[in-house]
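Engineer: Everything below, folded, please.
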Amino acid sequence: LKLNALGDLIWQKIIPPMANSTFYQSSRQNGCIFLGDKVLVSIDYFQIPTFIQQGRVIAFDKNGEVVWTRDFESENAVSDGPLLILDDQNVARTSHSQSNSGNNFWRIDKIDLNGNIIWTKEIDAGSQLILDVGSTVLHGDTIFFASSVMENVSATKFDLIVNMLSLDGILLNQKIISSLPFQPSGNLALNQTGNRFFYDYYSKIGNSTNPLWCLENWEQGGTIDEKCIGQNDNLRFARNFHLGADGGVYGVGDIFMDDQPTSQRTGWAFKLEGNGEYLWNKIIIDTVSEYSGGLTDIITNTDDSSLLACGALYEQSLGITHSKIWLLKFRADGCFNENCSDTLYVPNPSSLTISPEVEVKLNIWPNPANNYIQIQTSGFASFELRDITGKLFLMGDLHEEISEIDLEGLPVGMYIITANQNGTILSKKIAINRL
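Structural biologist: Here you go, the predicted structure:
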């Protein structure tokens, strides 16, 4: 999408998957960047016929026309793919995958403005299961990227790992925070001094079941200080940080409110000083009550010091097949206008409703599963169940709107289920976990 300063749509480009691909999904952090006269977008897709997840970067000119496409293929699944500008001619794309021996690894590719791969490096994570790759930052001649991992699919604790690499992709150091009760976001932000970093995670005090949202401030030599939002606070997830020109750290995410159903959440935005103290902290509520969602990205506009944030809203009764892109513009103080408080109500958010041409759906529960799953589709569909290496385990037809699939005997692990409904292909990840 290209918008003007008032949020009006200038143009919208829809890029259908290529012949060898199923649907596209964007990288959650730093998935879209400007470099020179191009816009680079990092995405994942599933190959046909193997259904192995792979990576792709598409370059557009500023009119939205495709200039080139570069695939990042592997014999095994390649996921995520945040982008990092290294200089005015090169970017790095970070992802994670699995080797033929079963070990997991991080992968970083350096590519130039024409899509040529300069080098590819891999960092072994051993038998740990890599869940995602968070944002990446560059400080001097060191690349930093964070990732959340767990020992296996049955584990109940998470680790946060920050990898530090040279500009040649050589691993210099790692920082590991162990045994976290909730999956950390893996977001990083430099503070105004340029040598200290913020990342966030969840912690607990004693035997309490109430998590604390914690933000840690550290440098390469070790932790400096830690800020935690108090016990019994609403569960919240920070999705991305951004360093402002004024030296403050801006962040956005979503909060699960006490007075809302557990499936609903709302937007969250905040600004931190260099020492981790809040300058402001806002809950943002869309008053169209049937929609629920959160914010995923924030940037600062140097022209007028305003803030631009984006996210998604989902219609609760219909699921993600009916959604809105949520675009918000704030003042530098976190307010929309002079009528400002810690809770901001958006009566009519600037949004673009995207509805599929064919009404299809794919809902799966329970997830994680034990010995069966229920699949809800829009009607007749064919399906396949493969593990993340592309190995086929089950296939068949779904004749009812809700069908039950027997998983007994399948090994624990991550799987991808794909349903073909009248030529429209939808895929979802599921986990089989027998504790």
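Engineer: any low-confidence regions in the stretch 301-435 of the chain?
Structural biologist: Per-residue confidence of the stretch 301-435 of the chain (counting by pLDDT under 70) places the weak regions at 301-304, 314-323, 346-360, 422-423, 435.
Engineer: where do the strands sit along it?
Structural biologist: When secondary structure is read from DSSP state E, counting those that start in this stretch, the stretch 301-435 of the chain shows strands at 306-315, 319-330, 343-346, 350-354, 362-365, 372-377, 381-387, 392-398, 402-406, 413-421, 424-432.
Engineer: Need those in CSV (columns: mean neighbour count and distance to residue 13).
Structural biologist: In this view, the C-beta of every residue, glycine as well, is placed from N, C-alpha and C. Below are these laid out as CSV (neighbours: other C-beta atoms under 10 Å; distance: least, C-beta to C-beta, whole Å):
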stretch, mean neighbour count, distance to residue 13
strand 306-315, 19, 16
strand 319-330, 18, 14
strand 343-346, 15, 27
strand 350-354, 14, 13
strand 362-365, 16, 25
strand 372-377, 18, 29
strand 381-387, 19, 29
strand 392-398, 13, 33
strand 402-406, 13, 36
strand 413-421, 20, 25
strand 424-432, 17, 20
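Engineer: So for residue 140, which of the ones you listed sits nearest?
Structural biologist: strand 306-315 (27.0 Å; C-beta to C-beta).
Engineer: so what strands line up beside that closest one?
Structural biologist: When pairs are called by DSSP bridges, strand 306-315 turns out to pair with strand 291-301 (antiparallel), strand 319-330 (antiparallel).
Engineer: Any idea how far the first one is from the middle of the chain?
Structural biologist: Between the centre of strand 291-301 and the centre of its host chain there is 12 Å, according to C-alpha atoms, centre = their mean, to the nearest Å.
Engineer: Ok, stretch 55-64 next?
Structural biologist: Using C-alpha atoms, centre = their mean, the distance from the centre of stretch 55-64 to the centre of the chain it belongs to is 19 Å.
Engineer: swap in stretch 410-427?
Structural biologist: For stretch 410-427 - counting by C-alpha atoms, centre = their mean - the centre lies 20 Å from the chain centre.
Engineer: first to last residue in that stretch, what's the distance?
Structural biologist: Chord length of stretch 410-427, first to last residue, is 19 Å (C-alpha to C-alpha, to the nearest Å).
Engineer: Contacts for it next, please.
Structural biologist: Counting by C-beta atoms under 8 Å, 6 or more residues apart in numbering, stretch 410-427 makes contact with 22-23, 46, 51, 53, 129, 153-154, 356, 358, 360-362, 364, 373, 375, 377-388, 393-394, 398, 428-434, all of which sit outside it.
Engineer: any idea how far residue 305 lies from residue 155?
Structural biologist: According to C-beta to C-beta, to the nearest Å, residue 305 stands 44 Å off from residue 155.
Engineer: do residue 112 as well
Structural biologist: Counting by C-beta to C-beta, the separation of residue 112 from residue 155 is 39 Å.
Engineer: same deal with residue 294?
Structural biologist: Looking at residue 294 against residue 155, where the rule is C-beta to C-beta, the gap reads 26 Å.
Engineer: And residue 139, by the same measure?
Structural biologist: Going from residue 139 to residue 155 by C-beta to C-beta gives 31 Å.
Engineer: what number of residues lie near the residue nearest to residue 270 when sequence neighbours are not counted?
Structural biologist: Across the structure, with C-beta to C-beta, 6 or more residues apart in numbering as the measure, the residue nearest residue 270 apart from its sequence neighbours is residue 281 (4.5 Å). Applying the criterion other C-beta atoms under 10 Å, we find 14 residues in the vicinity of residue 281.
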